[in-house]
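Participant: here is my input, please return the structure:
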Amino acid sequence: MARKLSPDGRRSVFSSILSFPSCSLARGAAPSSCQAAVNPFFFPLNSIRTIIIATPFLVASSILMYKRLVLGEEQKHLPRPNQGPSKEMIEAIKEAERKRGI
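Facilitator: You can find the predicted model right below:
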């Protein structure tokens, strides 16, 4: 696939942003031959992607902390797994069975 060049012979900015590194260390290519070091937009794109992914987590955790600290809302707890039926529950079941005559 031929690369589009601008009138002065350079690649366009858009094609530089969308290009991916042309080598892979898994295939045994030398790191110095990678296009990632030459592409000036590669590292800023990683930063922007990190910001886009992290922002929703930051907003959600900030809202939860605001509700807890300012509004006084209690933290939600997950129910603990049961180790089995409690003694009270077993006694209640046996008494119900006795009442029914089972």
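
Participant: that's a helix at Lys76, yeah?
Facilitator: No. According to DSSP: H, G, I helix; E, B strand; the rest coil, Lys76 belongs to no helix; its state is coil.

Participant: how close does it sit to Val59?
Facilitator: The gap separating Lys76 from Val59 is 18 Å, by CB to CB, to the nearest Å. Glycine gets a C-beta too; all of them are placed from N, C-alpha and C.

Participant: so for these two, which sits in the more crowded spot?
Facilitator: Val59 (10 against 7; other CB atoms under 10 Å).

Participant: so the more buried one is in which element?
Facilitator: Per DSSP states H and E, Val59 falls inside helix 42-69.

Participant: average pLDDT across that helix?
Facilitator: Helix 42-69 shows an average pLDDT of 92 in the prediction.

Participant: buried set for it?
Facilitator: Phe42 (16 or more other CB atoms under 10 Å).

Participant: next secondary structure after it?
Facilitator: In N-to-C order, the element after helix 42-69 by DSSP H and E is helix 87-100.

Participant: touching that following helix from outside, list them.
Facilitator: Pro85 (CB atoms under 8 Å, 6 or more residues apart in numbering).

Participant: same check, this time on stretch 55-74
Facilitator: Contacts for stretch 55-74 (CB under 8 Å, 6+ apart): Gln75.

Participant: output it as CSV, nothing but the C-alphas.
Facilitator: C-alpha atoms of stretch 55-74 as CSV (Å, rounded to 0.1, in the frame of the first residue of the first chain):
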residue,chain,number,x,y,z
THR,A,55,-11.3,9.8,33.3
PRO,A,56,-14.5,7.8,33.9
PHE,A,57,-12.9,5.9,36.8
LEU,A,58,-11.8,9.2,38.3
VAL,A,59,-15.2,10.8,38.0
ALA,A,60,-17.0,7.7,39.4
SER,A,61,-14.7,7.4,42.4
SER,A,62,-14.9,11.1,43.1
ILE,A,63,-18.7,11.0,43.1
LEU,A,64,-18.6,8.0,45.5
MET,A,65,-16.1,9.7,47.9
TYR,A,66,-18.2,12.9,47.8
LYS,A,67,-21.3,11.0,48.8
ARG,A,68,-19.5,9.2,51.6
LEU,A,69,-17.5,12.1,53.1
VAL,A,70,-19.8,15.1,52.5
LEU,A,71,-23.3,13.5,52.5
GLY,A,72,-22.5,10.9,55.1
GLU,A,73,-23.7,7.9,53.1
GLU,A,74,-22.6,4.5,54.4
